[in-house]
Structure formats: structure tokens, C-alpha cells
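Asker: I would like to see how this sequence folds:
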Amino acid sequence: MGDHVYLAYDYPVLGAFWTAMWVFLWVLWIFLLFRVVLDIFRDDSMSGGAKTGWLVFVVLLPFLGVFVYVVARGTGMGRREQRHAESQQKAFDDYIRKTAGASDGGGHADQLARLAQLRADGTLSEEEFQKAKERVLS
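Answerer: Numbers count the residues shown, from 1 in each chain. Have a look, this model is predicted:
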């Protein structure tokens, strides 16, 4: 009955705050480390030896390696990330266009629109247009 446990005194609120902050900073550090490693592999302007050197530096001395990489090559990281995102978006858009064009009628509509444009330009005569239209619709 004489033993009292004061939990609030064992781990004060400021201690909980510092623990939460250190966990947050550690997670942030892990994200930065992976971002740097991905940027090393994504950079086409670096030779294989330079990539190997940076990777070894970042793996063997992670804190120093990442900070030196960010200072030395950090200006281009955003541009490389943006280029990569744009190329992924372009590939996705091309895939969607190809898939939608191969569906039940999207390809036919595009072909008919092109034929109508060729007829309007005078490249195709009316007879050629009708024959081509029949081929597309059959």
C-alpha cells in the first residue's frame, strides 16, 4: 500500500513530444535516403562509375552521403523527378488512347474523321471516300 507508481513522472509530456519528433525525423530521413538512391539510379547524365561511387558513399556513410549528395546534386533532383513523372504520364496516356481506340468503336470513329478530313481537303474523291468508309464500317 506504500508503493505508489506515478506514471506521469516517469514519462513526462515533453518526453513524449521529443519521442514523437525523433520518430518523425527518422521516418523523414528514411524517405530522403530512398529518394536519393532512386535519383542516383534515375540520373542518365551520370556514368556507371559515378553512380557506383555515389551509391557506395550513401550506403557506407548514409548520413554524410545523403547530405553531401543533396548539396552537390540536389538542384537537379526535382527536374529529374518531374521528367520521370511526365514520361510515366505520357506512357499512361498512350496506353489509354491505344486501349480506347481498340475498343468497340473508338477506332472507327477516328478513321472516319480522318477520311472526312481527306475528302474535305480534296485528297479523296467522293467515290474513294464511300469505298473507304464501307471498308472501315465492315
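Asker: per-residue pLDDT, M1?
Answerer: The model reports M1 with a pLDDT of 53.
Asker: tell me which helix or strand of the chain sits lowest on mean pLDDT?
Answerer: The helix or strand of the chain with the poorest confidence is helix 7-10; it has a mean of 61 (mean pLDDT, DSSP states H and E).
Asker: Determine the longest helix present in the protein.
Answerer: With DSSP state H setting the assignment, residue counts place helix 62-101 as the longest helix in the chain.
Asker: Can you mark which positions in that helix are buried?
Answerer: By 16 or more other C-beta atoms under 10 Å, the buried positions in helix 62-101 come out as P62, G65, V66, Y69, R73, M77, R80. No exception for glycine: its C-beta is placed from N, CA and C like everyone else's.
Asker: For the first one, which residues are in contact?
Answerer: P62 makes contact with L33 under the criterion C-beta atoms under 8 Å, 6 or more residues apart in numbering.
Asker: circling back to that earlier point, continuing past the longest helix of the chain, what's the next helix or strand?
Answerer: Heading C-terminal from helix 62-101, the first helix or strand you meet, by DSSP states H and E, is helix 106-121.
Asker: by contact count, what packs against that following helix?
Answerer: Packing partners of helix 106-121 (3 or more C-beta pairs under 8 Å, 6 or more residues apart in numbering; DSSP states H and E): helix 62-101, helix 126-137.
Asker: What residues sit buried inside the last one?
Answerer: So that's helix 126-137. F129, A132, K133.
Asker: Name the nearest residue to the second one, ignoring sequence neighbours.
Answerer: Going back to what we said before, that points to A132. L115 (5.3 Å; C-beta to C-beta, 6 or more residues apart in numbering).
Asker: Can you tell me how far that neighbour is from R35?
Answerer: 50 Å (C-beta to C-beta, to the nearest Å).
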